[in-house]
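K.L.:
Task: produce atomic coordinates for the following.
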Amino acid sequence: MAKLLSGLPFWKVVEGHHLAKSFRFPDFKSALGFVNRIGNLAEEEGHHPDLCLSWGKVDVRIYTHKISGISENDFILAAKIEEIWNERPGPPPQVG
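P.N.:
Numbers count the residues shown, from 1 in each chain. As a prediction, the model looks like this:
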């Protein structure tokens, strides 16, 4: 698991159950756009993370519901979310 996590900056394994990361944005609209892009990806992949949108912040939680824990597919989805994050325009928002 540590090897898979090493390629995912600032992602954390929480209680051995799920992957989590918070993304910060300068405003609500940017955060919403990010959530919409993740939503499109989730539909394409058939793998749906838990997303919490608030002003300037998106919290992402990923786990495999069928096993109620982390699978390799969760790390793959996290990597694809990182690609979306890295494609965003403008100055880099904070990660936390």
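K.L.:
use CA for all of it now, contacts and neighbours both
P.N.:
Noted.
K.L.:
Spell out the secondary structure type for Arg88.
P.N.:
coil (DSSP: H, G, I helix; E, B strand; the rest coil).
K.L.:
pLDDT score for it?
P.N.:
At Arg88, the model reports a pLDDT of 75.
K.L.:
Please report how far it lies from Ala79.
P.N.:
From Arg88 across to Ala79, the span is 15 Å (CA to CA, to the nearest Å).
K.L.:
who has more neighbours, the two?
P.N.:
Ala79 (18 against 13; other CA atoms under 10 Å).
K.L.:
which stretches of the chain form strands?
P.N.:
12-14, 18-24, 50-54, 57-62 (DSSP state E).
K.L.:
other SSEs contacting the longest one?
P.N.:
Just to be clear, that refers to strand 18-24. strand 12-14, strand 57-62, helix 72-86 (3 or more CA pairs under 8 Å, 6 or more residues apart in numbering; DSSP states H and E).
K.L.:
in the second one, what's buried?
P.N.:
Spelled out, it's strand 57-62. Lys57, Val58, Asp59, Val60, Arg61, Ile62 (16 or more other CA atoms under 10 Å).
K.L.:
Report the beta-bridge partner residues of the first one.
P.N.:
Right, the one you point to is Lys57. According to DSSP bridges, the residues that bridge with Lys57 are Arg24, Ser54.
K.L.:
Just give me the residue closest to the centre of this structure.
P.N.:
Val60 (4.4 Å; CA atoms, centre = their mean).
K.L.:
how about that one, what does it touch?
P.N.:
Each residue near Val60 by CA atoms under 8 Å, 6 or more residues apart in numbering is listed here: Leu19, Ala20, Lys21, Ser22, Pro49, Asp50, Leu51, Cys52.
K.L.:
For it, which non-adjacent residue is spatially closest?
P.N.:
Leu51 (4.9 Å; CA to CA, 6 or more residues apart in numbering).
K.L.:
Assess the claim that the one you found and Val58 are in contact.
P.N.:
Yes - applying CA atoms under 8 Å, one finds Leu51 in contact with Val58, separated by 6.8 Å.
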